[in-house]
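Chemist: okay, predicted coordinates and the sequence, questions at the end:
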Amino acid sequence: MSNDNEKHVKVLVLGAGPAGLAAALYAARAELKPVVLTGMQLGGQAALTHTIENYPGFPEGVGGAQLGELFQKQAENFGAKVEFDMAHEVDLSQRPYKVTTDSGEYKADTLILTTGANPTHLNVPGEVELTGRGVSYCATCDGWFFKDKKVAIVGGGDSALEEALFITRYASSVTVIHRRDEFRASPVLQKRAKEHPKMNFILDTVVTEVVGTDKIDTLKLKNVKTGAESTFDTDGLFIFIGHVPNTQMFKGQLEMSDLGYVIVNDKMETSVEGVYAAGEIADPHFRQVITSAGMGAAAAIQATRFLETSTAELEEAAKS
Ligand code: NAP
């Protein structure tokens, strides 16, 4: 971009997952010419999902990447601009807000933050290579693919046990591998999990390697108390050891929860006027394509209303 004027936008969206692209669609239809900075991953986490079967309107399911492309195309059809650019720094101390990116600097009258969250990884050999080939971080997305199969789950929190119980609908057996002998999950979930006939537990144990070529075959395990090593044959491995919201850039400038999620009210407003957050950056609970897209749409509607009001106020002030 060559001059400041070209970089001054009414609505700047950070992140191009379902929340960001839905926000862009709504802002574009309000003729606000939004710019979306994609960051590293166009389509967000959803683009990594092989098939999405719970997004309404696609009775046969839709590829995660394909759905992201459709979102993008629809937003662009109404005038949104999607830039393959990465934001590094934001200054929310005054409007227009300043965003420094790989390509330079943007000034934005409103910001919609949709930078998402990433599941925490085990960081063991084979995990990355076999993601999508048996290794998954989303039971709602991938549980169905393990119908009558043997599944292992790593984690001992609410997510791990809740998702493990969900997967028992499909899998023939579900084995929870946890690094301690006590669970962090709520007592109710623990009771349900322990009483479920399909559930098994391997405690005080960590996964040290995921083994397989085209698909997962075996896990290498280590007992953390005895040091004993063993293997566990499985068709799937679901990892639920927490999520990390991508909010590093906003620390100290926006109100956040203890877990680092941006706090929004029911209008997607953050603690800074004119700055909205939507999708997994602000949602530790639902983490679905449809809920993120809904939050994105709400954020854009609210940004549109804010711009109308603040522009009217500025015009009024100029007259008096
Ligand atoms: P969490 O409560 O932080 O639990 C993470 C689990 O993963 C812990 O058991 C932890 O073990 C284990 N873990 C972490 N790093 C690991 C590693 N490198 N290797 C092996 N295991 C590892 O995370 P969460 O279950 O995603 O829950 C996040 C928040 O959302 C919590 O506040 C939870 O209550 C809430 N939540 C609520 C519900 C619900 O109410 N229905 C559902 C889901 C989540 P240690 O225990 O040894 O640390």
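Modeler: Cool, got the structure.
Chemist: and the gap between the closest residue to the ligand within the stretch 151-300 of the chain and Leu259?
Modeler: Proximity of the stretch 151-300 of the chain to the ligand (C-beta to the nearest ligand atom) peaks at Gly157, 2.4 Å away. Heads up, the C-betas are built off the backbone N, CA and C, glycines and all. Relative to Leu259, Gly157 is positioned 12 Å away (C-beta to C-beta, to the nearest Å).
Chemist: out of these two, which sits in the more crowded spot?
Modeler: Gly157 (17 against 12; other C-beta atoms under 10 Å).
Chemist: pretty sure that one contacts Phe240?
Modeler: Yes: between Gly157 and Phe240 there is a contact under C-beta atoms under 8 Å: 6.9 Å.
Chemist: run through this protein and note the low-pLDDT ranges.
Modeler: Applying pLDDT under 70 to the chain flags the ranges 1-6, 48-50.
Chemist: can stretch 132-151 be found next to the ligand?
Modeler: No: using C-beta under 6 Å from any ligand atom, stretch 132-151 stays clear of the ligand, with a minimum separation of 10.5 Å.
Chemist: what's the end-to-end length of that stretch?
Modeler: 14 Å (C-alpha to C-alpha, to the nearest Å).
Chemist: for stretch 187-201, same thing?
Modeler: First-to-last residue span, stretch 187-201, C-alpha to C-alpha: 16 Å.
Chemist: ditto for stretch 70-87
Modeler: Between where stretch 70-87 begins and where it ends, there is a gap of 24 Å, by C-alpha to C-alpha.
Chemist: repeat for stretch 282-296
Modeler: End to end - C-alpha to C-alpha - stretch 282-296 spans 11 Å.
Chemist: cool, stretch 26-41 as well?
Modeler: OK, stretch 26-41 end separation, C-alpha to C-alpha: 21 Å.
Chemist: now that stretch: buried residues?
Modeler: 26-30, 32, 34-39, 41 (16 or more other C-beta atoms under 10 Å).
Chemist: swap in stretch 253-263?
Modeler: By 16+ other C-beta under 10 Å, the buried positions in stretch 253-263 come out as Gln253, Leu254, Met256, Gly260, Tyr261, Val262.
Chemist: which members of the residues you listed define the maximum pairwise distance?
Modeler: Gln253 and Tyr261 (14.5 Å; C-beta to C-beta).
Chemist: need the longest helix for this protein.
Modeler: helix 289-319 (DSSP state H).
Chemist: and that one, what does it pack against?
Modeler: Packing contacts for helix 289-319, counted by 3 or more C-beta pairs under 8 Å, 6 or more residues apart in numbering; DSSP states H and E, involve strand 8-14, helix 18-29, strand 104-113, strand 275-277.
Chemist: what residues does the protein put near the ligand?
Modeler: Checking the chain against the ligand by C-beta under 6 Å from any ligand atom, the hits are 122, 154-160, 162, 179-180, 184, 206, 240-242, 284.
Chemist: now stretch 158-178, how far from the centre of its chain.
Modeler: Remark: stretch 158-178 is offset 21 Å from the chain centroid, using C-alpha atoms, centre = their mean, to the nearest Å.
Chemist: show me what counts as buried in the helix or strand where Ala75 lies.
Modeler: Element membership for Ala75 (DSSP states H and E) is helix 64-77. Residues Gly64, Ala65, Leu67, Gly68, Leu70, Phe71, Gln72, Gln74, Ala75, Glu76 are the ones in helix 64-77 that count as buried (16+ other C-beta under 10 Å).
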